[in-house]
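# Task: produce atomic coordinates for the following.
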Amino acid sequence: MHLSKINTYPIKSTHPISIEAGYLFSSGIGFDRHWMLIDAENNMLTSRKYPRLLHLISHIEGSSLRVVLPQQDFLLPLVPKPSAPVMVKHWGESLLPAWPQNSALDEALSDYLGMSCQLVYSANLRSDAPIETASFADAQPLLLTTTASLEALNKRLDAAADETTDETTDETADKRIGMDRFRANLVVNNHTPDIEDNWKKIRIGACELEVSYPCERCVLTTIDPVSLVQHKQQEPLRTLAQYRRLETGGVGFGINLTVCLAGPIAVGDTVEILE
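Next comes the predicted model:
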């Protein structure tokens with residue numbers, strides 16, 4: 001098995017940046033979910049409710065993050081200077097401190113989404129911050145998926161499409177989906193579907209990672225990241241529910257991990273099962 005893809009999502013819930021090599025910190029892959037959009041009440045915005053975020057592109061250029069909008073690009077420092085924090089609502093009841101970034105960008109983003117919003121940077125990314133609240137990630141620092149598990153899912157989707165040949169909609173003609181639906185940080189190329197369910201600790205390159213729990217999938221997986229259209233039959237959640245039920249009642253695909261041993265990581269690195 002080897003690592004076939006590395007993704008970082010600097011702005012939470014937006015388009016990924018695929019990289020050939022990076023560094024795994026205790027907070028995850030470098031720059032992952034360091035920024036987040038909030039509404040006028042300081043609540044986080046995600047592509048679950050605002051799919052246009054999936055088309056919001058950013059690039060890492062030297063010491064800057066370039067945010068690309070239809071009419072204008074903006075450059076932000078990768079390591080912003082501290083400013084007067086705002087308290088923002090992430091998951092859970094507690095509020096997190098965040099630093100506002102660029103008022104002109106906020107205005108452009110508000111026009112893009114058609115609502116008042118603001119881009120903020122996690123103030124907890126300072127060196128003395130608690131690991132569990134360092135970035136704006138949903139749960140654990142890393143999400144890993146495998147190619148064999150995706151292929152197994154797509155075979156089931158293909159079979160479901162074959163059973164509905166009397167229908168002629170695009171959705172039933174081709175139900176196969178890409179890994180981009182699952183927004184993983186790490187994608188492992190392997191041959192055995194769902195084998196990651198049994199992993200407890202792995203090594204990728206110089207890094208050691210511990211599995212926390214399966215990733216429970218949400219409605220975002222039913223939204224095509226290109227067309228932004230939501231699947232009428234709630235695929236792939238409907239098919240996953242046939243064989244990927246979790247004890248919590250949801251459906252799982254992929255695993256959440258924490259970093260035990262930080263270090264460099266690169267596409268092509270061997271993946272070893274330690275436990």
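# CA only for contacts and neighbour counts going forward, please
OK.
# does the nearest residue to residue 122 once chain neighbours are set aside count as helix, strand or coil?
Spatial nearest neighbour of residue 122, chain neighbours left out: residue 98 (4.6 Å); criterion: C-alpha to C-alpha, 6 or more residues apart in numbering. Following DSSP: H, G, I helix; E, B strand; the rest coil, residue 98 is assigned to strand.
# How about the contacts made by the residue most central in space within the chain?
Closest residue to the average C-alpha location of the chain: residue 183 at 3.9 Å, with C-alpha atoms, centre = their mean. The neighbourhood of residue 183, defined by C-alpha atoms under 8 Å, 6 or more residues apart in numbering, consists of 16, 143.
# How much space separates it from residue 43?
21 Å (C-alpha to C-alpha, to the nearest Å).
# All the helices of the stretch 101-250 of the chain, residue numbers only.
103-113, 147-162, 170-173, 237-240 (DSSP state H, counting those that start in this stretch).
# Now render those as TSV, adding mean neighbour count and mean pLDDT.
Shown next, in TSV, are the helices of the stretch 101-250 of the chain (neighbours: other C-alpha atoms under 10 Å; pLDDT from 0 to 100):
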stretch	mean neighbour count	mean pLDDT
helix 103-113	16	97
helix 147-162	18	92
helix 170-173	14	47
helix 237-240	17	96
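# can you list those in TSV and add distance to residue 257?
As requested, the helices of the stretch 101-250 of the chain are exported to TSV (distance: least, C-alpha to C-alpha, whole Å):
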stretch	distance to residue 257
helix 103-113	32
helix 147-162	17
helix 170-173	33
helix 237-240	21
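# Tell me which of these sits nearest to residue 217.
When these are compared for distance to residue 217 using C-alpha to C-alpha, the nearest one is helix 237-240, at 7.6 Å.
# which residues sit against the closest one?
153, 156-157, 217-219, 221-222, 251-252.
# Can you name the next helix or strand after that helix?
strand 252-261 (DSSP states H and E).
# Next, the angle helix 147-162 makes with that following strand.
170 degrees (axes from the mean of the first three to the mean of the last three C-alpha atoms, to 10 degrees).
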